[in-house]
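A.B. asks: okay, sequence plus prediction incoming.
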Amino acid sequence: MPNNSSPRRPPLSPAVAEVRVGVRRALAAARDSGLAEGALVLVALSGGPDSLALASATAFEAPKLALRAGAVVVDHGLQPGSAEVADRAARAAEHMGLSPVIVRRVMVGHGGGPESGARDARYGAITDVAAATDAGAVLLGHTLDDQAETVLLGLARGSGAASLRGMAPTNGLYLRPLLDVRRETTHAACAAEGLQPWTDPHNSDTRFSRVRVRNAVLPVLERELGPGVADALARTAEQLREDSEALDRMVEEMIEEICEPAEAGIAVSVSALAVNPAALRNRILRLVASSEFGSSLDRGHTVEIARLVTDWRGQGPIDVPGIRVSREGSLIVFTARGNDSESRIG
């Protein structure tokens, strides 16, 4: 008898499935949050295994949610042959069916170091392309391993909860669908789909602190403390982010009640600050500085300003970048100092 059964499809690779699930959840959440039917989502594509696996999964999942999927490729021009790498990534995206696929070549400044310069140039280009194409979201290929590295770097720098909470799955325009996916999974997904990722030489350059964390620090921790360190760091970031977001919402609700206009600035009630625990009090001070003056207070600045509330002995004004903070009776008064970078504490 003739065999009329259709040929069986090969089983889906678990790695491909895991990446697709991450993308599906992120896009579905974006749709639930207001991303319109037919909206364009862009994949930030470098050609490396993480972004290549992400691009392939997005090309598969986006149409199921009535979304269009494209890609933006940024050529930083930092290495010989970077233009060819960018063009190859663009061709791979087009082969997947992504459209539009836009390549942007940028100039990288080195004022804050090559890592910072490349990041600023990359995000600037991606934001410009998203605006020009009216994209509703940009998908980034950061993995669980990237999250663990970010937490370790923040811990080493003493950056506080703002850094220890790591990268958010959603941050305005940007989505990070792979924060629960290991880097080894994206490599396996590329292999299963026959994709040929580019290996960035900078990923083995020990001049960069993130490379040293990736290739030296985390492996030592895994060896000495046992497997699962990266997962534990990522879980810690998630828990800290939940706590921090809750505190931030509380502060935003409180600040409208305890602040009032002041000459050339804004004033905060001393008594309202005094009755709150340090975690909320310090957040209030930082939020006033950032929202009203665009100034980012470090830990030292914040603690000294808080002493105007908790340890008041008649001390004079405190100068921090762009702001002068003083105690005037029952108020802590923030005033603009002009466009300067000097600070004076005490």
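C.D. replies: Arrived safely, thanks for sending.

A.B. asks: what sits up against stretch 273-293?
C.D. replies: Stretch 273-293 has contacts (Cβ atoms under 8 Å, 6 or more residues apart in numbering) with 247-248, 250-252, 254-255, 258-259, 265-266, 268, 295-297, 302-303, 305-306, 309-310, 320, 322-323, 332, 334, 336. For every residue, glycine as well, the C-beta is placed using N, CA and C.

A.B. asks: let's see 6 Å
C.D. replies: With contact meaning Cβ atoms under 6 Å, 6 or more residues apart in numbering, stretch 273-293 is reached by 247, 251, 266, 295, 297, 302, 305-306, 309, 322-323, 334.

A.B. asks: and the closest residue in space to Ala62 that isn't next to it in sequence, which of the three is it?
C.D. replies: Distances taken as Cβ to Cβ, 6 or more residues apart in numbering place Ala69 nearest to Ala62, at 3.8 Å, with adjacent residues excluded. The three-state assignment at Ala69 reads strand, by DSSP: H, G, I helix; E, B strand; the rest coil.

A.B. asks: partner residues bridging Ala69?
C.D. replies: Beta-bridge pairing for Ala69 (DSSP bridges): Val41.

A.B. asks: wait, it sits on Thr58?
C.D. replies: Yes: Ala69 lies in contact with Thr58 (Cβ atoms under 6 Å); the separation is 4.9 Å.

A.B. asks: okay, these two: which has more neighbours?
C.D. replies: Neighbour tally, Ala69 and Thr58, criterion other Cβ atoms under 10 Å: the higher count belongs to Thr58, 31 against 27.

A.B. asks: ok, now which ones touch that one?
C.D. replies: With Cβ under 6 Å, 6+ apart, Thr58 has these contacts: 23, 43, 69, 139.

A.B. asks: could you dump those residues into CSV with pLDDT, secondary structure and distance to Ala93 added?
C.D. replies: Putting the contacts of Thr58 into CSV (pLDDT from 0 to 100; DSSP: H, G, I helix; E, B strand; the rest coil; distance: Cβ to Cβ, whole Å) gives the following:
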residue, pLDDT, secondary structure, distance to Ala93
Val23, 98, helix, 15
Val43, 98, strand, 7
Ala69, 98, strand, 9
Leu139, 98, strand, 12
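
A.B. asks: after the lowest-mean-pLDDT helix or strand in the chain comes which helix or strand?
C.D. replies: Least confident helix or strand of the chain, by mean pLDDT, DSSP states H and E, is helix 161-164 with a mean of 70. Once helix 161-164 ends, the next helix or strand along the chain (criterion: DSSP states H and E) is strand 170-171.

A.B. asks: return the list of strands paired to that following strand, each annotated with direction.
C.D. replies: Partners of strand 170-171 in its sheet, by DSSP bridges: strand 174-175 (antiparallel).

A.B. asks: pLDDT of the strand it pairs with, averaged?
C.D. replies: Averaged across strand 174-175, the pLDDT comes to 98.

A.B. asks: quick check: next helix or strand after it?
C.D. replies: helix 183-192.

A.B. asks: what about the helices in the stretch 51-200 of the chain?
C.D. replies: 82-96, 114-133, 144-157, 161-164, 183-192 (DSSP state H, counting those that start in this stretch).

A.B. asks: buried ones in the first one?
C.D. replies: Judged by neighbour count using 16 or more other Cβ atoms under 10 Å, the buried positions of helix 82-96 are 85-86, 89-90, 92-93, 96.

A.B. asks: okay, the residues you listed in CSV with distance to Asp180 and pLDDT next?
C.D. replies: Below are the buried residues of helix 82-96 laid out as CSV (distance: Cβ to Cβ, whole Å; pLDDT from 0 to 100):
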residue, distance to Asp180, pLDDT
Val85, 28, 90
Ala86, 28, 92
Ala89, 24, 95
Ala90, 28, 96
Ala92, 24, 96
Ala93, 24, 97
Met96, 23, 97
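
A.B. asks: tabulate these (JSON lines), appending distance to Ala130.
C.D. replies: Listed next are the buried residues of helix 82-96 as JSON lines, based on distance: Cβ to Cβ, whole Å:
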{"residue": "Val85", "distance to Ala130": "22"}
{"residue": "Ala86", "distance to Ala130": "18"}
{"residue": "Ala89", "distance to Ala130": "18"}
{"residue": "Ala90", "distance to Ala130": "17"}
{"residue": "Ala92", "distance to Ala130": "20"}
{"residue": "Ala93", "distance to Ala130": "16"}
{"residue": "Met96", "distance to Ala130": "19"}
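
A.B. asks: who wins for most neighbours among the contacts of Thr58?
C.D. replies: Val43 leads the contacts of Thr58 on contacts (other Cβ under 10 Å) with 31 neighbours.

A.B. asks: below-threshold pLDDT in the stretch 201-346 of the chain: ranges please.
C.D. replies: Across the stretch 201-346 of the chain, residues meeting the criterion (pLDDT under 70) sit at 338-346.

A.B. asks: tell me where it has helices.
C.D. replies: 209-212, 218-225, 229-258, 270-274, 278-293, 299-310.
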